[in-house]
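Student: turn this into a model:
(chains A, B, C and D)
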Protein chains: 2
Amino acid sequence: MDGTPPAESDPRVERLVNELIGRVADKWTMLILELLEEKGTLRFTEIGRQVEGISQKMLTQTLRQMERDGLATRTVHPVVPPRVDYALTPLGNSLSAAFCGVWIWAERHLAAVEEARARFDAL
Amino acid sequence: MDGTPPAESDPRVERLVNELIGRVADKWTMLILELLEEKGTLRFTEIGRQVEGISQKMLTQTLRQMERDGLATRTVHPVVPPRVDYALTPLGNSLSAAFCGVWIWAERHLAAVEEARARFDAL
DNA sequence: CGGCATCCTCCTGGATACTG
DNA sequence: CAGTATCCAGGAGGATGCCG
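Tutor: Residues are numbered from 1 along each chain as shown, chains lettered A, B, ... in the order given. As a prediction, this is how the structure comes out:
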């Protein structure tokens, strides 16, 4: 943790890495990632209930993307009424761990940022 | 780094933390953060040249936001032609360090994600 | 040089309604 | 229950032009 980014050499790889971060750093993705990390396995509606303010559309879309990216698994149980379970893959777990540092940063420095904003806005 | 998020108790704080992350996890912010971390101090146009694809509007907007959030300093030199220098604050440096984990994750697992996508799309 | 203001376009994402 | 499909408003963000 010296704060020095990897200093990517290949610009093509750098671009891909940036795109990937842009994708996973999405608000809903991060919230669902955190939720599944904590709760383990949840069904569709459960996630919808526990992620404050998410629409059904974004929930479906985000889960699909996470599944596609190999971050989560989607298990369909052939019962009536239908039941679909979601859980993190090891890859998803590792991303959750990586985000942990940012989460802690935000928590620790929230006050400092709000202070800075107040000072800036006072001008 | 056990992958367990702080499990925020106060829902109001949790919301603020989420908003803050949403703000700083912005694409341009992350790129400028990384650039300033590496290069130290840069002027407006320098940053514009080195951040691939950013428009002047987004550059101004992002730098202003970073300044407001206490992540970067803006120094105006009263010379002709005008010269404005940007550099990270300690707070900005700490955020850069926090993002380091995500950056490393993306770099290390880029191939795995692309593999997962290929497998998903093959269906 | 380092902006700010304006216009205009595209895409995100919410609301709603319908299916297996 | 777990989606898919459609419509639509709002904001992100690019292009252009003007100022100190």
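Student: so residue A:112 sits right up against residue B:91, yeah?
Tutor: Yes. Counting by C-beta atoms under 8 Å, residue A:112 touches residue B:91, with 5.9 Å between them. Using the backbone N, CA and C atoms, a C-beta is placed for each residue, glycine as well.
Student: so which of these two has more stuff around it?
Tutor: Between residue A:112 and residue B:91, residue B:91 has the larger neighbour count (other C-beta atoms under 10 Å in any protein chain shown), namely 18 against 15.
Student: in terms of pLDDT, where does the more buried one sit?
Tutor: As predicted, residue B:91 sits at a pLDDT of 97.
Student: residues from chain A in reach of DNA strand D?
Tutor: Counting by C-beta under 7 Å from any atom of the strand, chain A comes close to DNA strand D at A:43-46, A:56-57, A:60, A:63-64, A:74, A:81-84.
Student: what is the lowest-pLDDT residue among the residues you listed?
Tutor: Minimum pLDDT across those falls on residue A:81, with 89.
Student: check for me that it belongs to a helix.
Tutor: No. Counting by DSSP: H, G, I helix; E, B strand; the rest coil, residue A:81 falls outside a helix, being coil.
Student: what about it, how many residues nearby?
Tutor: The number of residues packed around residue A:81, counting by other C-beta under 10 Å, is 5.
Student: and if you look at residue A:32?
Tutor: By other C-beta under 10 Å, 26 other residues sit near residue A:32.
Student: is any residue of the helix of greatest length in chain A near DNA strand C?
Tutor: Longest helix in chain A by number of residues (criterion: DSSP state H): helix A:90-121. No. Residues of helix A:90-121 are not located near DNA strand C by C-beta under 7 Å from any atom of the strand, the shortest gap being 12.3 Å.
Student: one step back: ok, and of the residues of chain A next to DNA strand D, which contact DNA strand C?
Tutor: Within the residues of chain A next to DNA strand D, those near DNA strand C by C-beta under 7 Å from any atom of the strand are A:56, A:57, A:81, A:82.
Student: where does the second one fall, secondary structure wise?
Tutor: For residue A:57, the enclosing helix or strand under DSSP states H and E is helix A:56-68.
Student: list the buried residues in that helix.
Tutor: Residues of helix A:56-68 classed as buried by neighbour count (16 or more other C-beta atoms under 10 Å in any protein chain shown): A:58, A:59, A:62, A:63, A:65, A:66, A:67, A:68.
Student: just how off-centre is the lowest-mean-pLDDT helix or strand in chain A within its chain?
Tutor: Sorted by mean pLDDT, DSSP states H and E, the helices and strands of chain A end with helix A:11-24, the least confident at a mean of 87. Here helix A:11-24 is found 16 Å from its chain centre; the criterion is C-alpha atoms, centre = their mean, to the nearest Å.
Student: from DNA strand C, how far out is the residue lying closest to residue A:72 once chain neighbours are set aside?
Tutor: Spatially, and ignoring its direct neighbours in sequence, residue A:72 is nearest to residue A:66 (4.2 Å; C-beta to C-beta, 6 or more residues apart in numbering or on different chains). Distance, residue A:66 to DNA strand C, using C-beta to the nearest atom of the strand, to the nearest Å: 13 Å.
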